[in-house]
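Participant: Just a sequence and a predicted model for now, questions to come.
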Amino acid sequence: MSKKTAIITGITGQDGGYLAKLLLEKKYRVIGCHRRGATEIFSNLQNQGIAEDIELVEFDLLEDSNIARVIKKFRPDEFYNLAAQSFVGTSFEQPLYTANADGIGVTRILESIREYSPDTRFYQASTSEMYGMVQEIPQKETTPFYPRSPYAAAKLYAHWITVNYRESYNLHASSGILFNHESPFRGREFVTRKTTSHLARMAAGKTEKPLRLGNLNAKRDWGFAGDYVEAMWLMLQQPQGDTYVVATGETRTVREFVEHSAVHAGYAIEWRGKDENEVGIDTKTGKTIVEVSADFYRPAEVDLLIGSPAKAEEKLGWKRKIGFSELCEIMMKSDLERAHNGLL
Ligand code: F7E
């Protein structure tokens, strides 16, 4: 049997690296799409030891002709759309760009698949942010959506256009509603990696400054990215496209993430004060480790997310392997090692 070909957009991101690794292990030919920049950043692929095994292609979600040419050229068996402006905070500053890339960009891809490669199986990276002001606990595939950011609104359009192309043109198109998923390869703008990278620098004596965070009370359902890319692949192995929630079923506050990670850097945090005046003190040294800053509050917040993975577990046979405490430990230890080796 000849090798299967998969295209992954967003190849330089956390999920792109993990998914590429998984597909290479399964003997796929992997085409990695990235947006051209003044400096090329392939560190995630290099760190996973797979940079040489991927064929890289320039690709931009805003460029119809470019998308069409790539799909026509490779006519892949599977297409994973992981590319996006993925930071919720930035979407409030760049709502139009976010709508164009994260929303209409998906229609551009689907149009090209429909036209040039209708047998390609398509995966859309949908998000728990679509639930926003949650209408049901836990959130499942049938829970109504209520987006709370330009990012979530754009992703919601992308979700429905994926469903629409599945139903209208019989494409094998799946939407994975993934709850937050993290790893040592997570970008440092996201709260988990921001926390572990900063605490590691502190512990290694590289900074004296406290970690400045926004809303400590937001609750998220945090899983491990390496587990979640398996669910993406499983979706495209089913006889038909569908929509699936991928989550751990457990929710924790940002505060808990900080406390649990800090332990592995040798800190024991006690919280004092309220709201913007709240600080986290290390009980061993009396040093301020965390400060709350309104700079990191969002115009509209998503207070609570907790997903039900029941359908993914039943229909895909998927099960997450790594839980919250282990995730904190893996991320903290990895950043401590980087900080001590001069890599942070
Ligand atoms: O924020 C709060 C913040 O930026 C988590 C993306 O992958 O997951 C991610 O979106 C929570 C929010 O992720 C800071 O207000 C407090 O309540 O790590 P985050 P996110 O917005 O949940 C979903 C599933 C996606 O699809 C997205 O693409 O943490 N928070 N203080 C903070 N957040 C950040 N970034 N920085 C802070 O200082």
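Facilitator: That came through, no problem.

Participant: from here on, contacts and neighbour counts on C-alpha atoms
Facilitator: Will do.

Participant: quick one: contacts for Ser175?
Facilitator: Neighbour list for Ser175: Tyr123, Gln124, Ala125, Ser126, His159, Thr162, Val163, Asp242, Thr243, Tyr244 [criterion: Cα atoms under 8 Å, 6 or more residues apart in numbering].

Participant: scratch that, Asn217
Facilitator: Per Cα under 8 Å, 6+ apart, neighbours of Asn217: Thr253, Val254, Arg255, Asp303.

Participant: Kindly recompute the last result at 6 Å.
Facilitator: Residues counted as contacts of Asn217 (Cα atoms under 6 Å, 6 or more residues apart in numbering) are Thr253, Val254.

Participant: related to what we said a few turns ago, dump the contacts of Ser175 into CSV; add distance to the ligand as well.
Facilitator: As requested, the contacts of Ser175 are exported to CSV (distance: Cα to the nearest ligand atom, whole Å):
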residue, distance to the ligand
Tyr123, 15
Gln124, 12
Ala125, 8
Ser126, 7
His159, 12
Thr162, 16
Val163, 18
Asp242, 19
Thr243, 15
Tyr244, 14
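
Participant: Just the ones in strands from the residues you listed, please.
Facilitator: Tyr123, Gln124, Ala125, Ser126, Thr243, Tyr244 (DSSP state E).

Participant: With distance to Val279, neighbour count and pLDDT added, can I get those in TSV?
Facilitator: As requested, the ones in strands among the contacts of Ser175 are exported to TSV (distance: Cα to Cα, whole Å; neighbours: other Cα atoms under 10 Å; pLDDT from 0 to 100):
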residue	distance to Val279	neighbour count	pLDDT
Tyr123	42	25	99
Gln124	39	24	98
Ala125	36	21	98
Ser126	34	27	98
Thr243	41	21	98
Tyr244	39	26	98
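
Participant: hmm, back to that, which of the contacts of Ser175 sits closest to Ser91?
Facilitator: Ser126 (15.6 Å; Cα to Cα).

Participant: count of residues packed around Leu216?
Facilitator: 17 (other Cα atoms under 10 Å).

Participant: Quick check: it touching Arg255?
Facilitator: Yes - counting by Cα atoms under 6 Å, Leu216 does reach Arg255; the two are 4.9 Å apart.

Participant: And the residue of the stretch 1-150 of the chain found nearest the ligand, its phi and psi?
Facilitator: Of all residues in the stretch 1-150 of the chain, the one sitting closest to the ligand is Ser86 (3.9 Å; Cα to the nearest ligand atom). As for Ser86, its main-chain torsions (degrees, to the nearest 10) stand at phi -100, psi 0.

Participant: neighbours around it, how many?
Facilitator: Ser86 has 18 neighbours, counted by other Cα under 10 Å.

Participant: separation between it and Ser197?
Facilitator: Distance of Ser86 to Ser197, given as Cα to Cα, to the nearest Å: 19 Å.

Participant: again with Glu52
Facilitator: Look at Glu52 and Ser197: by Cα to Cα, they are 27 Å apart.

Participant: again, but for Thr90
Facilitator: From Thr90 across to Ser197, the span is 20 Å (Cα to Cα).

Participant: More neighbours: which of the two?
Facilitator: When Thr90 and Ser197 are compared for neighbours, Ser197 comes out ahead with 23 against 15, by other Cα under 10 Å.

Participant: Spatially, which residue comes closest to that one, not counting chain neighbours?
Facilitator: Asp335 (5.5 Å; Cα to Cα, 6 or more residues apart in numbering).

Participant: and the one you found, which of the three is it?
Facilitator: Counting by DSSP: H, G, I helix; E, B strand; the rest coil, the backbone at Asp335 sits in helix.

Participant: cool, and Glu301?
Facilitator: Secondary structure state of Glu301, per three-state DSSP, is coil.

Participant: burial of it, as a residue count?
Facilitator: The burial count for Glu301: 15, using other Cα under 10 Å.

Participant: Can you check the pLDDT for the closest residue to it other than its chain neighbours?
Facilitator: Leaving aside its chain neighbours, Glu301 sits nearest to Arg148 (6.8 Å; criterion: Cα to Cα, 6+ apart). Arg148 carries a pLDDT score of 97 in this model.

Participant: Over to Arg148. Which of the three states is it?
Facilitator: coil.

Participant: what's the answer for Ser325, then?
Facilitator: For Ser325, the secondary-structure state derived from three-state DSSP is helix.

Participant: where does it land on pLDDT?
Facilitator: We have a pLDDT of 97 for Ser325.

Participant: check which helix or strand covers the closest residue in space to it that isn't next to it in sequence.
Facilitator: Take Ser325 and drop its neighbours on the chain: the residue closest to it by Cα to Cα, 6+ apart is His260, 6.8 Å away. Using DSSP states H and E, His260 falls within helix 254-263.

Participant: after that helix comes which helix or strand?
Facilitator: Assigned by DSSP H and E, the successor of helix 254-263 is strand 269-272.

Participant: Report the buried residues of that following strand.
Facilitator: Neighbour counts using 16 or more other Cα atoms under 10 Å place Ile269, Glu270, Trp271 of strand 269-272 among the buried residues.

Participant: got it, and stretch 136-143?
Facilitator: Pro138, Gln139, Lys140, Glu141.

Participant: And the furthest pair within the residues you listed?
Facilitator: Pro138 and Glu141 (10.2 Å).
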